[in-house]
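Undergrad: No sequence on hand, only this structure:
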């Protein structure tokens, strides 16, 4: 396997690499014609290659495909398996998980990347990226996909939704920035100001749909507090229903409160 990697490098001159601070690391690798270089700009290196192998970062993968290079992704972290898997599904290369790396699968991946089929698939991916970029659809399509999957019911102003208020030229309620504690409402700054000017007593807290900075213990504590609040809200629904609609309203409040409580218990671990 070592000869497969290095036989084409036998005539290269590593003198320039010897001047780099990292060169001492190479001396333990064996062959004198293998050189470890510091960072090299992808847009300079990739056009000089017939294929590439890397860890599959989004930028590196995109640059390799922009150059029409069959790509082997050795994925070990984060989103790298995603990009490597997409490249392999489209036939533009191979993906190998770092924990499964061995001589056989690396050799197989490199041989495939040198095949005409891999080159053809990589050129198709290059053309697809170029067409999207020329049409201005790459970023636009990504933003549209993000917007389509955004859970608007969790981030928009409830007062705007009830009163059908929108920003000029928009068809959606304003984004909520606060929680009105007394009424348990998500509200935007505009509605908060209008409520304050109308003389209503309001108590605002920053809206947090998720807080990724908490430790596991903190998250469990937050779950417990929110569970208690949801339980209290169940009884509040019963009392409000009874006050507004008598016995019938009471039972409606019970049903609504229990439903909201169960929804919170099921959904909370995925949101908070």
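TA: Yes, it's here. As the structure is a computational prediction, the values presented were derived from the model and not from experiment.

Undergrad: Let's check: the centremost residue of the protein is which one?
TA: What sits nearest the mean C-alpha location of the chain, by CA atoms, centre = their mean, is residue 79, with 8.2 Å.

Undergrad: show me the contacts for that one.
TA: Under the criterion of CB atoms under 8 Å, 6 or more residues apart in numbering, the neighbours of residue 79 are 56, 58. (C-beta placed from N, C-alpha, C; glycine too.)

Undergrad: The same query, at a cut-off of 10 Å, please.
TA: When contacts are counted by CB atoms under 10 Å, 6 or more residues apart in numbering, residue 79 touches 56-58, 61.

Undergrad: Highest neighbour count among those?
TA: With neighbours set by other CB atoms under 10 Å, the maximum within the contacts of residue 79 is found at residue 56, which has 28 neighbours.

Undergrad: For residue 202, what are phi and psi?
TA: phi -120, psi 150 (degrees, to the nearest 10).

Undergrad: and the nearest residue to residue 154 once chain neighbours are set aside, how many neighbours?
TA: Nearest residue to residue 154, sequence neighbours excluded (CB to CB, 6 or more residues apart in numbering): residue 209, at 5.3 Å. Applying other CB under 10 Å, we find 11 residues neighbouring residue 209.

Undergrad: Give the helix, strand or coil label for residue 209.
TA: With DSSP: H, G, I helix; E, B strand; the rest coil as the basis, the three-state label of residue 209 is coil.

Undergrad: Assess the claim that it and residue 152 are in contact.
TA: No: here residue 209 does not reach residue 152: they are 11.3 Å apart, not a contact under CB atoms under 10 Å.

Undergrad: Can you show me the strands along the stretch 151-272 of the chain?
TA: Per DSSP state E, counting those that start in this stretch, the stretch 151-272 of the chain carries strands over the ranges 178-180, 185-187, 204-206.

Undergrad: Would you format those strands as a markdown table with mean neighbour count, mean pLDDT and distance to residue 127 included?
TA: Formatted as a markdown table, the entries for these read as follows, by neighbours: other CB atoms under 10 Å; pLDDT from 0 to 100; distance: least, CB to CB, whole Å:
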| stretch | mean neighbour count | mean pLDDT | distance to residue 127 |
| --- | --- | --- | --- |
| strand 178-180 | 19 | 88 | 48 |
| strand 185-187 | 22 | 87 | 45 |
| strand 204-206 | 11 | 88 | 47 |
